[in-house]
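Enquirer: Return a 3D structure for these sequence lines:
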Amino acid sequence: MPKRRDSGFPARDAIVAFIRAHPGKVGTREIAREFGLKNADRAELRRILRELADEGIIEKRGKKIGEPAVLPATLVADITGRDSDGELIASPAEWDEVESGEPPKIRIHVPRRPQPGTAAGVGDRALLRIEQLDEREGGAYRGRVIKVVDHAKTRVLGIFRALPGGGGRLIPVDKKQAGRELNISRADTNGAEDGDLVSVDLLRSRGFGLASGKVKERLGSLASEKAVSLIAIHAHEIPQAFSPAALREAEEAKPPTLKAREDWRDVPLVTIDPPDAKDHDDAVHAQADPDPNNRGGYIVNVAIADVAFYVRPGSALDRDALARGNSVYFPDRVVPMLPERISNDLCSLVPGEPRGALAVRMVIGNDGRKRSHSFHRILMRSAAKLHYAQAQAAIDGRPDDITGPLLPSILRPLYDAYAVVKRAREERDPLDLDIPERKILLKPDGTVDRVIVPERLDAHKLIEEFMILANVAAAEMLEKKSLPLIYRVHDEPTLEKVHNLQEFLKTLDLPFAKSGALRPSLFNRVLAQVKGHDSEPLVNEVVLRSQAQAEYAAENYGHFGLNLRRYAHFTSPIRRYADLIVHRALIRGLGLGEGALPESETVETLTEVAAQISLTERRAMKAERETADRLIAHFLADRIGATFQGRISGVTRAGLFVKLTDTGADGLIPIRTLGSEYFNYDETRHALVGSRSGAMHRLGDVVDVRLVEAAPVAGALRFELLSEGKLAPRGRKRQDASRPQTKAHPGRSPRDRDRKQGNSRIGKAKKGRSWKP
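Expert: The predicted structure is shown next:
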């Protein structure tokens, strides 16, 4: 029996022993069950666990608890080298050394007969199954390669620029290599023409001068395609072409019939999407609940395209979809997860056409809470295709020919139901960050026309809340059926990040008293205090950076940002593989017919899928961000010397990053160009502070800058700061003596300093962390 104190509560050493016996597999619930604790004991248990974490005895990862630096059972790792015995050594691809210290080393176990796709080498990135070794084996980790997700980079990607005498130069697309051109001799061009995107093999350098390369492959022409997104697609190896087998399956697919479906064609479901949407995979309908026991309540129907009917497990379509993980959206094109025959035709809920769907019928009480739900496999017919502004205009008294007839019977009940649902949302109090999102609008030739910040309407919020309700219903149903699924999870901020946020808020005299469990409402109270003040953008940005990143997982640890205990993605199977898994699980659990999740799919297999699609999601986000950077850099390239207003969006030891107000473009002000004194990096205040003057440049400050350099291919900008720094508040130290000083070198011009540094004057912008519901 577990060791207990005289009070009947388990002793600390007994709790630690239990955690050590089950590394990375237990959380508060499992500990309470092991020691027979009641709900009333949970507060004391959490207090003890916080103490153990503060003392460094245990560490929390997600909702699981282990000894410090315990790795999860499955992770993505970079193979960094070999040990003295020649064994491959890896380290986690994502590891915060500030919080967790040196990353642990993982020995790669290579079986005698490796499976196809698992042969890895130094420089590769791989998905590993992790096993912790005991003390006799060195206390390290052993990893088995499940799949190589990225091979070592032996080539450089760039734009070929032809020279008059033959041959040319390669302009690298990577920001880290901006300014480091390669020489391509006439014999090594492989037929490349000016403006071609090419991959180049590096040749051994001989003597001084530019490094040389040989064109290995021509990937496309930016000159003819006007497609800057082509760079990111190839740089991140995002699959473009579908396999012939997948295309054949898509073309052979037939429209749905009523077989094994309920007939919902008379339910006036409508789609509400952006005006430029190509696929329409969700439709909504609401009506007042006629049940006298639910006066003031509503019935909300959410219908989602039945992708699982067409994309069967193990099929060619399924394999291609998993390799993509999600669709990727660029300003000039979409790289879809599924062929257009599926995504834009058979599974697009277009008006007047019969379409298969998986629908959830939710009964909402007059308090906004979901009382019950049920899932149905249906045949539907969309009553209308609307866009957000169009639906909002109708509600605001400006209907058009399409929305006018829909207003009393369809649109008004939707908005009335949303008004009720909003009450529960406000009570739930999810994280309420105000971070404006910009959208790039292009001209017909593919260049930037303008950058806008779309207004956030009630129509957007209505669809968002109904989708969240449907996602929660899916997760609840699958848990009730005890079926494996992929959750959308978002961990709470780490103790270290909460502490750093507290220290930062002290510099603004803002209270952040954490007591009890961490909740989004704690952050919302801080955000409410700065609403409408000059510090509002700064505080929103710092709170955002304190948050973890949302991801997919086969084990649930809740969604902190949405303040939900269970959450899964159900509403976009056309563009997200996670949603397809959830659809298949619902079909299996509810006996809804063909396309069900196979019995062979378990928590273990879905853990691997979740890790892979979390990786593809981040790949897509990075590619989309880099493409936006390149388009804006092209847009600004002919405005060298122009002045702009912006806001400091990042502060590092390398310098200041500034986001321009009108375009959202990010650029670097190197620290060496700030002035004629040393500047110290104040991590607590997110600022660079002059050692003599006390002049402070802080995250969130509004500044004027001059554009001095643009590298359109790399998407990088360099600015010169025109604004003076603000004086640091009196009574506070200008520098933390425990931190090293970062120096802005006086006495040299920027050009001389850059020549002495021997590298490009354009750096890689560091982006803030984001979370997506």
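
Enquirer: Tell me the spacing between Gly397 and Asn190.
Expert: Gly397 sits at a distance of 63 Å from Asn190 (criterion: CB to CB, to the nearest Å). For every residue, glycine as well, the C-beta is placed using N, CA and C.

Enquirer: Give me the contact list for whichever strand or helix holds Asp416.
Expert: Here Asp416 is covered by helix 412-428, with elements defined by DSSP states H and E. Helix 412-428 has contacts (CB atoms under 8 Å, 6 or more residues apart in numbering) with 270, 284-288, 296-298, 300, 364, 366-370, 395, 458, 461-462, 465-466, 469, 562-564.

Enquirer: Same check on stretch 582-592?
Expert: Residues outside stretch 582-592 that contact it (CB under 8 Å, 6+ apart): 260, 304, 306-308, 313, 358, 375, 377, 474, 477-478, 481, 483-486, 568-570, 573, 593-597.

Enquirer: Can you tell me the element Glu131 falls in?
Expert: Taking DSSP H and E as the definition, one finds Glu131 inside strand 125-132.

Enquirer: For that strand, which helices and strands make contact with it?
Expert: Helices and strands touching strand 125-132, as assessed by 3 or more CB pairs under 8 Å, 6 or more residues apart in numbering; DSSP states H and E, comprise strand 74-82, strand 106-109, strand 141-150, helix 603-636.

Enquirer: Now the shortest one: average pLDDT?
Expert: Right, strand 106-109. With pLDDT averaged residue by residue, strand 106-109 scores 86.

Enquirer: Please list all residues in contact with the nearest residue to Thr602 once chain neighbours are set aside.
Expert: The shortest distance from Thr602 to any residue that is not its chain neighbour, by CB to CB, 6 or more residues apart in numbering, is 5.7 Å, and that residue is Pro484. Pro484 makes contacts with Ala554, Ala585, Leu597, Glu601, Thr602, Val603, Leu606, as judged by CB under 8 Å, 6+ apart.

Enquirer: from those residues, which single one is nearest Gly646?
Expert: Closest approach between those and Gly646, by CB to CB: Ala554, at 42.2 Å.

Enquirer: Neighbour-wise, give me the winner out of the contacts of Pro484.
Expert: Neighbour counts for those were taken using other CB atoms under 10 Å; the highest belongs to Ala585, which has 25 neighbours.

Enquirer: re earlier: okay, and which of the contacts of helix 412-428 map to helices?
Expert: With helices defined by DSSP state H, the entries of those inside them are Ile395, Asp458, Lys461, Leu462, Glu465, Phe466, Leu469.

Enquirer: Count the neighbours of the closest residue to the fifth one other than its chain neighbours for me.
Expert: With CB to CB, 6+ apart as the criterion, Glu465 has its nearest non-adjacent residue at 5.1 Å, and that residue is Val421. Using other CB under 10 Å, the number of residues around Val421 comes to 25.

Enquirer: Check the one 10 residues further on too.
Expert: Close neighbours of Leu431, defined as other CB under 10 Å, add up to 22.

Enquirer: got a list of what it touches?
Expert: Pro520, Phe523, Asn524, Gln547, Phe560, Gly561, Leu562, Asn563.

Enquirer: okay, now the third one: neighbour count?
Expert: Taking other CB under 10 Å as the criterion, the count of residues near Asn524 is 17.

Enquirer: picking that back up, from the ones in helices among the contacts of helix 412-428, which is closest to Asn183?
Expert: Minimum distance to Asn183 across the ones in helices among the contacts of helix 412-428 is 54.8 Å, recorded for Lys461 (CB to CB).

Enquirer: Any figure for the gap between the closest one and Val335?
Expert: For Lys461, the distance to Val335 (CB to CB) stands at 28 Å.

Enquirer: and what of Glu251?
Expert: Counting by CB to CB, the gap between Glu251 and Val335 amounts to 20 Å.

Enquirer: Of these two, which one has the most company?
Expert: Val335 (18 against 10).

Enquirer: Chain neighbours aside, what residue packs nearest to that one?
Expert: For Val335, the nearest residue in space outside its immediate sequence neighbours is Val328; the separation is 4.3 Å by CB to CB, 6+ apart.

Enquirer: list the contacts for that neighbour?
Expert: For Val328, the contacting residues are Ile233, Ile238, Val334, Val335, Ala620, Ala623, Glu624, by CB under 8 Å, 6+ apart.

Enquirer: before we move on, what about Asp704?
Expert: For Asp704, the set of contacting residues under the criterion of CB under 8 Å, 6+ apart consists of Thr643, Phe644, Gln645, Gly646, Leu721, Leu722, Ser723.

Enquirer: So which of these are in strands?
Expert: In this view, these that belong to strands under DSSP state E are Thr643, Phe644, Gln645, Gly646, Leu721.

Enquirer: neighbours around the third one, how many?
Expert: The number of residues packed around Gln645, counting by other CB under 10 Å, is 14.

Enquirer: Distance check, it against Val705.
Expert: Here Gln645 is placed at a distance of 8 Å from Val705 (CB to CB).

Enquirer: do the same with the last one
Expert: Counting by CB to CB, the gap from Leu721 to Val705 is 6 Å.

Enquirer: list the residues that contact both of the two?
Expert: Once CB under 8 Å, 6+ apart is applied, the residues that Leu721 and Val705 both contact turn out to be Ile669.

Enquirer: out of these two, which sits in the busier spot?
Expert: Val705 (23 against 20).

Enquirer: Does the more buried one fall in a helix, a strand, or a coil region?
Expert: Classification of Val705 into helix, strand or coil gives strand, according to DSSP: H, G, I helix; E, B strand; the rest coil.

Enquirer: Could you find the closest non-adjacent residue to it?
Expert: Closest residue to Val705 in three dimensions, ignoring its sequence neighbours and counting by CB to CB, 6+ apart: Phe719, at 3.9 Å.

Enquirer: ok, now Asn524?
Expert: In space, and not counting its chain neighbours, Asn524 is closest to Asp432: 5.1 Å by CB to CB, 6+ apart.

Enquirer: Over to Val302?
Expert: The spatial neighbour of Val302 that comes closest, neighbours along the chain excluded (CB to CB, 6+ apart), is Ala470 at 4.2 Å.

Enquirer: Count the residues that sit near that neighbour.
Expert: Neighbouring residues of Ala470 were enumerated by other CB under 10 Å; the total is 27.

Enquirer: Glu237 too?
Expert: The local packing count at Glu237 equals 13, with neighbours defined by other CB under 10 Å.

Enquirer: Likewise for Pro598?
Expert: Neighbour tally, Pro598, other CB under 10 Å: 12.

Enquirer: I'd say it and Pro313 touch.
Expert: Yes. With contact defined as CB atoms under 8 Å, Pro598 and Pro313 form a contacting pair (5.2 Å).

Enquirer: circling back to that earlier point, please check the contacts of helix 412-428 and keep the buried ones.
Expert: Of the members of the contacts of helix 412-428, the ones counted as buried by neighbours, 16 or more other CB atoms under 10 Å, are 270, 284-287, 297-298, 300, 364, 368-370, 395, 458, 462, 465-466, 469, 562-564.

Enquirer: List just the nearest of the contacts of Leu431 to Leu317.
Expert: Of all these, the one sitting nearest Leu317 is Leu562; the distance, using CB to CB, is 31.0 Å.
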